[in-house]
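S.K.: Below are the sequence and a predicted model; questions follow.
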Amino acid sequence: MAKVTEQDIITFLQEKVSTLQIELNKAQSALESFSGSAPKANAKPASDTSVEKVKSVRGKKVPALKPSKPLAVPEQFNADDKMDKKLAYILSTLGASFNSEVVSKIQELEPEKDADKLGKAVIVKLASLFKAGRIKGTKLNGKYKYEL
(Lines give C-alpha, C1' and ligand atoms only; values in the text may rest on other atoms or scores of the structure.)
Protein backbone atom coordinates (compact mmCIF):
# COMPACT_ATOMS: atom_id res chain seq x y z
CA MET A 1 0.00 0.00 0.00
CA ALA A 2 1.35 3.44 -0.93
CA LYS A 3 2.19 5.79 1.90
CA VAL A 4 0.25 9.03 1.79
CA THR A 5 2.12 11.94 3.29
CA GLU A 6 0.68 15.06 4.82
CA GLN A 7 2.04 17.05 1.87
CA ASP A 8 0.15 14.77 -0.55
CA ILE A 9 -3.08 15.49 1.31
CA ILE A 10 -2.39 19.24 1.33
CA THR A 11 -1.64 19.24 -2.40
CA PHE A 12 -4.78 17.24 -3.16
CA LEU A 13 -6.96 19.56 -1.08
CA GLN A 14 -5.45 22.67 -2.69
CA GLU A 15 -6.18 21.27 -6.16
CA LYS A 16 -9.71 20.38 -5.04
CA VAL A 17 -10.33 23.91 -3.71
CA SER A 18 -9.06 25.41 -6.96
CA THR A 19 -11.32 23.14 -9.03
CA LEU A 20 -14.34 23.89 -6.86
CA GLN A 21 -13.71 27.63 -7.09
CA ILE A 22 -13.66 27.43 -10.89
CA GLU A 23 -16.94 25.47 -10.82
CA LEU A 24 -18.43 28.05 -8.44
CA ASN A 25 -17.43 30.86 -10.81
CA LYS A 26 -19.12 29.02 -13.68
CA ALA A 27 -22.30 28.55 -11.67
CA GLN A 28 -22.31 32.22 -10.60
CA SER A 29 -21.83 33.32 -14.22
CA ALA A 30 -24.71 31.11 -15.34
CA LEU A 31 -26.93 32.46 -12.56
CA GLU A 32 -26.05 36.05 -13.48
CA SER A 33 -26.79 35.47 -17.15
CA PHE A 34 -30.19 33.91 -16.38
CA SER A 35 -31.22 36.44 -13.77
CA GLY A 36 -29.76 39.40 -15.67
CA SER A 37 -28.48 41.00 -12.51
CA ALA A 38 -25.07 41.95 -11.25
CA PRO A 39 -23.64 40.20 -8.18
CA LYS A 40 -24.61 41.65 -4.81
CA ALA A 41 -22.42 44.44 -3.50
CA ASN A 42 -21.64 42.55 -0.30
CA ALA A 43 -20.97 39.24 -2.06
CA LYS A 44 -17.43 38.01 -1.53
CA PRO A 45 -15.70 37.27 -4.85
CA ALA A 46 -13.92 33.96 -5.22
CA SER A 47 -10.17 34.45 -4.98
CA ASP A 48 -8.97 31.94 -7.54
CA THR A 49 -5.56 32.94 -8.86
CA SER A 50 -5.79 30.64 -11.88
CA VAL A 51 -8.75 32.55 -13.37
CA GLU A 52 -7.44 35.58 -15.19
CA LYS A 53 -10.46 36.90 -17.08
CA VAL A 54 -13.76 35.75 -18.50
CA LYS A 55 -14.32 35.63 -22.24
CA SER A 56 -17.58 35.04 -24.04
CA VAL A 57 -18.09 32.03 -26.30
CA ARG A 58 -21.53 31.85 -27.95
CA GLY A 59 -23.12 33.68 -25.04
CA LYS A 60 -21.50 31.43 -22.43
CA LYS A 61 -18.92 32.79 -20.05
CA VAL A 62 -15.82 30.62 -19.89
CA PRO A 63 -12.94 31.34 -17.51
CA ALA A 64 -9.68 31.83 -19.37
CA LEU A 65 -6.92 30.05 -17.46
CA LYS A 66 -3.41 31.40 -17.16
CA PRO A 67 -0.93 29.16 -18.95
CA SER A 68 0.60 26.68 -16.54
CA LYS A 69 4.25 25.87 -16.44
CA PRO A 70 5.12 22.55 -18.10
CA LEU A 71 6.21 19.56 -16.05
CA ALA A 72 9.87 19.29 -15.09
CA VAL A 73 11.30 15.99 -16.30
CA PRO A 74 13.51 14.12 -13.82
CA GLU A 75 16.62 12.38 -15.11
CA GLN A 76 15.63 9.00 -13.69
CA PHE A 77 12.55 7.31 -12.27
CA ASN A 78 12.18 7.51 -8.50
CA ALA A 79 9.33 5.62 -6.84
CA ASP A 80 9.31 8.15 -3.98
CA ASP A 81 8.57 11.10 -6.28
CA LYS A 82 5.12 12.58 -6.63
CA MET A 83 2.90 11.29 -9.41
CA ASP A 84 3.56 14.42 -11.53
CA LYS A 85 7.28 13.69 -11.73
CA LYS A 86 6.70 9.99 -12.36
CA LEU A 87 4.35 10.78 -15.25
CA ALA A 88 6.75 13.39 -16.64
CA TYR A 89 9.55 10.82 -16.68
CA ILE A 90 7.36 8.17 -18.32
CA LEU A 91 5.98 10.56 -20.96
CA SER A 92 9.52 11.74 -21.74
CA THR A 93 10.69 8.16 -22.31
CA LEU A 94 7.61 6.90 -24.17
CA GLY A 95 6.74 10.05 -26.08
CA ALA A 96 3.08 10.60 -27.03
CA SER A 97 1.12 7.80 -25.34
CA PHE A 98 -2.39 6.74 -24.45
CA ASN A 99 -3.19 6.42 -20.74
CA SER A 100 -3.18 2.61 -21.00
CA GLU A 101 0.44 2.69 -22.22
CA VAL A 102 1.43 5.01 -19.37
CA VAL A 103 -0.33 2.75 -16.84
CA SER A 104 1.50 -0.31 -18.20
CA LYS A 105 4.87 1.45 -17.95
CA ILE A 106 4.31 2.68 -14.39
CA GLN A 107 3.14 -0.80 -13.31
CA GLU A 108 6.31 -2.20 -14.84
CA LEU A 109 8.40 0.31 -12.84
CA GLU A 110 6.41 -0.17 -9.61
CA PRO A 111 5.31 -3.83 -9.54
CA GLU A 112 4.85 -3.84 -5.76
CA LYS A 113 1.93 -1.37 -5.88
CA ASP A 114 -1.73 -2.33 -6.32
CA ALA A 115 -2.32 -2.32 -10.09
CA ASP A 116 -5.96 -1.15 -9.96
CA LYS A 117 -5.34 1.75 -7.59
CA LEU A 118 -2.21 2.79 -9.45
CA GLY A 119 -3.99 2.63 -12.80
CA LYS A 120 -6.88 4.77 -11.59
CA ALA A 121 -4.52 7.29 -10.00
CA VAL A 122 -2.54 7.60 -13.24
CA ILE A 123 -5.65 8.09 -15.37
CA VAL A 124 -7.03 10.77 -13.04
CA LYS A 125 -3.68 12.57 -12.79
CA LEU A 126 -3.14 12.56 -16.56
CA ALA A 127 -6.58 14.10 -17.09
CA SER A 128 -5.89 16.66 -14.36
CA LEU A 129 -2.52 17.65 -15.83
CA PHE A 130 -4.07 17.93 -19.29
CA LYS A 131 -6.96 20.07 -18.03
CA ALA A 132 -4.49 22.32 -16.20
CA GLY A 133 -2.46 22.73 -19.39
CA ARG A 134 0.69 21.15 -17.97
CA ILE A 135 0.75 18.37 -20.59
CA LYS A 136 -0.59 18.23 -24.13
CA GLY A 137 -3.23 15.87 -25.41
CA THR A 138 -4.66 14.90 -28.76
CA LYS A 139 -8.02 13.16 -29.01
CA LEU A 140 -7.91 10.12 -31.30
CA ASN A 141 -10.94 7.83 -31.65
CA GLY A 142 -12.43 9.04 -28.37
CA LYS A 143 -9.20 8.62 -26.37
CA TYR A 144 -6.53 11.14 -25.49
CA LYS A 145 -2.91 10.66 -26.45
CA TYR A 146 -0.82 12.59 -23.92
CA GLU A 147 2.63 14.13 -24.37
CA LEU A 148 4.86 16.72 -22.70
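M.R.: Great, that's in hand.
S.K.: contacts and neighbour counts: CA atoms only from here.
M.R.: OK.
S.K.: which regions of this structure lie under the pLDDT threshold?
M.R.: 1, 37-68 (pLDDT under 70).
S.K.: Do a quick rundown of the helices in it.
M.R.: Assigned by DSSP state H, the helices in the chain fall at 6-35, 83-94, 99-109, 115-131.
S.K.: How far off centre is stretch 138-148?
M.R.: Stretch 138-148 sits 15 Å away from the centroid of its parent chain (Cα atoms, centre = their mean, to the nearest Å).
S.K.: List the buried residues for that stretch?
M.R.: If you call a residue buried by 16 or more other Cα atoms under 10 Å, then stretch 138-148 has these buried ones: Y144, K145, Y146, E147, L148.
S.K.: neighbours of A127, just the number please.
M.R.: Residues within reach of A127, counting by other Cα atoms under 10 Å, total 16.
S.K.: hey, which of the helices of the chain is tucked in deepest?
M.R.: helix 83-94 (a mean of 19; mean count of other Cα atoms under 10 Å).
S.K.: CSV for the helices of the chain, including distance to L71?
M.R.: Formatted as CSV, the helices of the chain follow (distance: least, Cα to Cα, whole Å):
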stretch, distance to L71
helix 6-35, 16
helix 83-94, 6
helix 99-109, 16
helix 115-131, 9
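S.K.: closest one to A72 among the ones you listed?
M.R.: Closest of the helices of the chain to A72 is helix 83-94, at 6.8 Å (criterion: Cα to Cα).
S.K.: Next, the angle from the closest one to helix 115-131.
M.R.: In terms of direction (axes from the mean of the first three to the mean of the last three Cα atoms, to 10 degrees), helix 83-94 departs from helix 115-131 by 90 degrees.
S.K.: This completes my enquiry, with thanks.
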